[in-house]
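Trainee: structure for the following, please:
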Amino acid sequence: MAESAQRGMITEAHPNAMFTVCLADASLVNSSFAGKLRTLYIRPNVGDAVTVELSLFDLSRGRIVSGDATSGDDPGAAQRVLR
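Mentor: Residues are numbered from 1 along each chain as shown. From the prediction side, this is the model:
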């Protein structure tokens, strides 16, 4: 299945392990974790930069495939992402 990957930022966390991600073009996407992130117990927080794969069939849903290290005020952000 063909998918497109885009970068975005987590804006809201839902209680059922779903996240609302704001993409670069200001569209909101409901996203869940990829299986590899679940097995590694990586839990992103609101405000973290992530890479989302969007399905070509439904552009309002996606899958978080990786976290992106952000250069900012938090020096431990890269360690949290790569953990």
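
Trainee: next, the contact list for residue 33, please.
Mentor: 17, 42, 63, 64 (Cβ atoms under 8 Å, 6 or more residues apart in numbering). Quick note: C-beta positions are derived from backbone N, CA and C, even for glycine.

Trainee: going through those, which ones are buried?
Mentor: 42, 63, 64 (16 or more other Cβ atoms under 10 Å).

Trainee: pLDDT-wise, what's the bottom of these?
Mentor: When these are compared by pLDDT, residue 42 scores lowest at 75.

Trainee: does that one count as helix, strand or coil?
Mentor: Applying DSSP: H, G, I helix; E, B strand; the rest coil to residue 42 yields a three-state assignment of coil.

Trainee: again with residue 37
Mentor: helix.

Trainee: now do the same contact list for residue 65.
Mentor: By Cβ under 8 Å, 6+ apart, the residues touching residue 65 are 5, 34, 36, 37, 51, 52, 53.

Trainee: quick check: closest non-adjacent residue to the fourth one.
Mentor: Read that as residue 37. residue 64 (6.6 Å; Cβ to Cβ, 6 or more residues apart in numbering).

Trainee: what are the pairing partners of the helix or strand encompassing the one you found, and which direction each?
Mentor: According to DSSP states H and E, residue 64 maps onto strand 61-68. Counting by DSSP bridges, the strands paired with strand 61-68 are strand 28-33 (parallel), strand 49-55 (antiparallel).

Trainee: list the buried residues of the longest one.
Mentor: By neighbour count with 16+ other Cβ under 10 Å, strand 49-55 contains the buried residues 49, 50, 51, 52, 53, 54.

Trainee: ok, what's across the strand from the first one?
Mentor: On the basis of DSSP bridges, residue 49 is bridged to residue 9, residue 68.

Trainee: confidence score at it?
Mentor: Looking at residue 49, its pLDDT reads 91.

Trainee: I'd say it and residue 68 touch.
Mentor: Yes. Taking Cβ atoms under 8 Å as the definition, residue 49 is a contact partner of residue 68 at 4.1 Å.

Trainee: what touches both of those two?
Mentor: In contact with both residue 49 and residue 68: residue 7, using Cβ under 8 Å, 6+ apart.
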